[in-house]
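Trainee: coordinates for the following, if possible.
(3 chains)
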Amino acid sequence: MTTLALRQDGPGTEPVPGPRRRLLGLVVALVVLVVLLVLSVMIGSTAISPSVVWDALFHSSAGIDQFAIRDFRLPRTIVGLVVGVALGLSGALIQALTRNPLADPGILGVHAGASFAVTVAVGLLGIHDARGYMWFAFAGALIVTLLVLALGSTRQGSSPVVMVLAGVCIGSVLGGAREALQLTDPDAFDAMRYWNAGSIVGRPLEVMWPILPFFAVALILAFAVSGPLNALALGDELAVAQGVRLVRTRVLAVIALTLLAGGATAIAGPIGFVGLMVPHVARWIVGPHQRWIFVYSILLAPSLLLASDVLGRIVMRPVEIPVGVVTAFVGAPALVALARRKRASGL
Amino acid sequence: MSNSPLMRRGAALAAALMSASLVLTACGGDGGDTGDKAAKTRSVKAENGTIEVPVAPRRIVTIGNTSLPFIDLGGKPVGVTEVSDSDIDVLPEEQKSVYKAAEIVGSSGGEVDLEKLAGLKPDLILVQFHSNDWDKVGKRLETIAPTVFWGLDTEWKAFADAIAAAGNVTNALSRQKAEFKEKVAKIQKTYRKIIDDTSFVDVSRGDSSDPGTFYIADIGCSEIARDDVGLDLPEAAEGKDPLAYEALPFEQIGELSKYDVITYPVNAEGQPTEPFVPVVKTNTWKALPAVSSGRALGVFCPGNNSYGPVLRYLDSLDRALATLPAKK
Amino acid sequence: MSTHIPRVDFGRRVLVLRRRRIAVRLQWRSVVVCAVLAVVVAGTAVLALMTGSYSLSPGQVLSALTGRETGIVHDIVVEWRLPRVAAALVFGAALGVSGAIFQSLLRNPLADPGIIGFSQGSHTGALIVILVINGTYVQLVSGALLGGMATAVAVYVLAYRRGVQGFRLIVVGIGVSAMLTSLNTWLILKADLDQAMSAAAWGAGSLNGVSWDQVVIGGACIAVLLLPAGMLSRPMRQMELGDDAAASQGVRVSPARLGLVLVGVALAATVTAASGPIAFISLVAPQIGRRLARTAGITLAPAAFVGALLCLASDYLAQHVAPTPLPVGIITVMLGGGYLGYLLFTEARRRL
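Mentor: Have a look, this model is predicted:
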């Protein structure tokens, strides 16, 4: 999803919640996440009793149901956790960076780059293995985001608005090229319609591990720039006055969010709204403090993703709805409600 | 706009001139042969009505799903719409070269380059695609040459009959049909007992199905195994979408344990097809009773829209059933 | 807001003092620009008529146009190429006007009818007809219109809260569009490959197979819609200065805005019905028109001419320059991207 609204928000005007509320909220968020992790292992398109689940997790007994838990539900839950963390943190980063509460990592061309690269892999290079095109997706997301960053940099440094425009611009050119490839190649079309939905099913863990070091780097970078980003929220001039190095902060933040969003997209395909909604909720709980927003986003985003995934497993049993479709249906009404709130509608 | 009086008068004038020149040529004496041949037509029935087609069409263009079945019947189209690489890969060599020799007139059915098609000067156009595409380009195809159209839901045997009739390749068809009958009868005779008291299930994965999903195949080749050979295979309830449209998550693999025999897709070399490899690799699959006792059979299905690939499928099924250990 | 009012007053005073001269100067530039555009459009149209994969000499094309050809040559020129060119012109112009209305209304150079979910909604409607009820072409068109209109209404209603504000409309539109995009992905995922491809080709926006019937009916609808568009163009310009300023000049803001939204959506709907959603022309045309004519705000006539030219040229590129013939919508999407890039290098950089 790409947000065209080029709105810049000033610093938050809400009252800042006290540290007690933040800590309490943190505990609650943690408990919610653990509950959802458990639910994600317990609930699926086949009914498997809790005792079998227990058996599968803590004993190495062999049985079809035990294998199903270990082979499918457990990896899928872990993938959901990792992808969720990456999406939430990347959303928090881009919203801090652009000072736009409606910004989404998709804005910097992450999804466009990844899906273009996958289409090329399938349509022109004839790669049909989903594991094969994961690296194409990652590389596509990284290259396009760097391109957006380069295009969006002015002599004075990079400005959020210009970056967003560059993202939309490159996104639509690549989108057109992608569509042209897809419409002339049924194979590519067929592969892309699945990939485009965004799902955390059937991603074997050994395929995901190589992405994790990138996430680790991104995590460190994100927390390293959380302080300067706080200052940045007050406006460029004030931030500079406080000794923030604008260009360095922005570049590091963009690298971090690209690694996170690109990696998540490479693993799961484009999943919208998680990166948009979660930092909002986080900001609403903790106020305008980037480090806290990051921590909360890391806890809340996987919860949202896993809840959506569990929902997608049970609404149309035995068929599952890809989690990307569910998050859009959960997220869009929330976005509309947000827009109808008084504060968000000023311009 | 084309009906403005001026244009109509011009057209009438042109027509008059042309018929005059035709009369003159005819009087010349040696044009009789070609004129005669063009006049000979026969009618075929299809979804777009009764169409007069040439008795022996020479320049045929196949659009949508008609290309491969027509080539399978020994036809040599001058123009085709693109067929996906995965379908071309499994064709016999001589059919591959026939396809490659034809001019590509469009990527998919609805996006036909009509002018290029007209430039090929076809005398017959065979079409199978979505009816929406027909609504879009059907009328124009008909102005180029006699056009025979079938919808996507045409049953494959009726489709083969119709293509053979329209494209004048019925000899090849009767040979294939006889072979089909013979093969089916042989399988039924050899494996009578297995067919009678074994429950089968055919599972598959699409070339690019969503990772982590598979489906129970009840259309395509397994439809032939069920309806013609008589294997006991699951079928969707009347009026419901085929089971194959339901992408089942891998954790449903366990549900397959209720069937005696599982068939799964393999390539020409007998190895699981690339998309199906992830299923075979799971521990759940390996733990299935049918798999652990050697009653999971790889079957090669090169296509199911004409007799040629179906015959190759039956051969593969025959070989697979022969490996089935006797049931306890 | 407070900084705006003196400027508006100043502007009006200037306009009153030298009313005739300014009015004439503005109009003169617009007229010249439109005339030049018309010539370029005509040239492109001739080129498009001459080009095709069935090779015809200019003489043959000419004689076919004057009715002196029969058979396939007549069909190709008069029944295939000509309606396609006419459709590109008429539909392009309609999209240009539709975009101009939305950009003026929302005071946002990135606004187009897609912003209120029209494109996504009509795609959803079309997909449901193609994939779920397996309907005919007429049903497809009605489904698309119904879907688009219903979405537009839903977005408008959801964004309504004591009046409709530009920003809220945009955000609600984004949310609803994202949801529908997701639904579309899901529908395509569930469908058979052939059907899904057919639906996707429609969704890309294509002039392939456009017939005289579609051009005449679509053209008539567009002509009828251009009347109210012309009538509302004055209040539209006044509303660009802000609702309060417009109201003080006697514009009834709410009905005028609703009327403009209706006309804008209906224009886009007509085009969508005939050719599927052709993206980005409505976004780009008004801006190029405004720059060429050097008007202060968005004006309808230059937008219409630029729209026609863009659509025609894109269709020419899609048919004859691309390695395989493509739906025109794919070229216009890339064109839109290029335009945004241009915007990036000029305006945004200068401003920041």
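
Trainee: whichever residue of the stretch 101-250 of chain A sits closest to chain B: what secondary structure?
Mentor: Closest approach between the stretch 101-250 of chain A and chain B, counting by C-beta to the nearest C-beta: residue A:202, at 2.0 Å. Yep, even glycine has a C-beta here, placed from its N, CA and C like the rest. Of the three states, residue A:202 takes coil under DSSP: H, G, I helix; E, B strand; the rest coil.

Trainee: now do it, the pLDDT please.
Mentor: Residue A:202 carries a pLDDT score of 77 in this model.

Trainee: before we move on, what about residue B:25?
Mentor: pLDDT, read off for residue B:25, is 40.

Trainee: dihedrals phi and psi, residue B:145?
Mentor: Backbone torsions of residue B:145, given as degrees, to the nearest 10, read phi -160, psi 170.

Trainee: hang on, I meant residue B:199
Mentor: Dihedral pair for residue B:199: phi -100, psi 130, per degrees, to the nearest 10.

Trainee: so which bits of the stretch 1-150 of chain A are right by chain B?
Mentor: A:44-46, A:62-65, A:67-68, A:70-73, A:76, A:122, A:126, A:128-130 (C-beta under 8 Å from any C-beta of the partner chain).

Trainee: residue nearest the centroid of chain C?
Mentor: residue C:95 (1.6 Å; C-alpha atoms, centre = their mean).

Trainee: what about residue B:268, how many neighbours?
Mentor: 11 (other C-beta atoms under 10 Å in any protein chain shown).

Trainee: residues contacting it?
Mentor: B:90, B:300, B:302 (C-beta atoms under 8 Å, 6 or more residues apart in numbering or on different chains).

Trainee: quick check, it in a strand?
Mentor: No: with three-state DSSP as the criterion, residue B:268 is assigned coil and is not in a strand.

Trainee: so is stretch A:305-312 next to chain B?
Mentor: No: for a cut-off given as C-beta under 8 Å from any C-beta, stretch A:305-312 has no contacts with chain B; the smallest distance is 10.2 Å.

Trainee: now chain C against chain B: closest residue?
Mentor: Counting by C-beta to the nearest C-beta, chain C gets nearest to chain B through residue C:67 (3.1 Å).

Trainee: if you tally nearby residues, what's the number for that residue?
Mentor: Counted with other C-beta under 10 Å, residue C:67 comes out at 21.

Trainee: repeat for residue C:43
Mentor: Neighbours of residue C:43 using other C-beta under 10 Å come to 11.

Trainee: CA atoms only for stretch C:142-154, dumped as PDB, please.
Mentor: Once non-C-alpha atoms are left out, stretch C:142-154 reads as follows in PDB (Å, rounded to 0.1, in the frame of the first residue of the first chain):
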ATOM      1  CA  SER C 142     -22.500  -3.100 -15.200                       C
ATOM      2  CA  GLY C 143     -20.600  -4.900 -12.500                       C
ATOM      3  CA  ALA C 144     -17.600  -2.600 -12.900                       C
ATOM      4  CA  LEU C 145     -19.800   0.500 -12.900                       C
ATOM      5  CA  LEU C 146     -21.700  -0.700  -9.900                       C
ATOM      6  CA  GLY C 147     -18.600  -1.600  -8.000                       C
ATOM      7  CA  GLY C 148     -16.900   1.700  -8.800                       C
ATOM      8  CA  MET C 149     -19.900   3.800  -7.900                       C
ATOM      9  CA  ALA C 150     -20.700   1.900  -4.800                       C
ATOM     10  CA  THR C 151     -17.100   2.300  -3.600                       C
ATOM     11  CA  ALA C 152     -17.000   6.000  -4.400                       C
ATOM     12  CA  VAL C 153     -20.200   6.500  -2.500                       C
ATOM     13  CA  ALA C 154     -19.000   4.400   0.400                       C
END
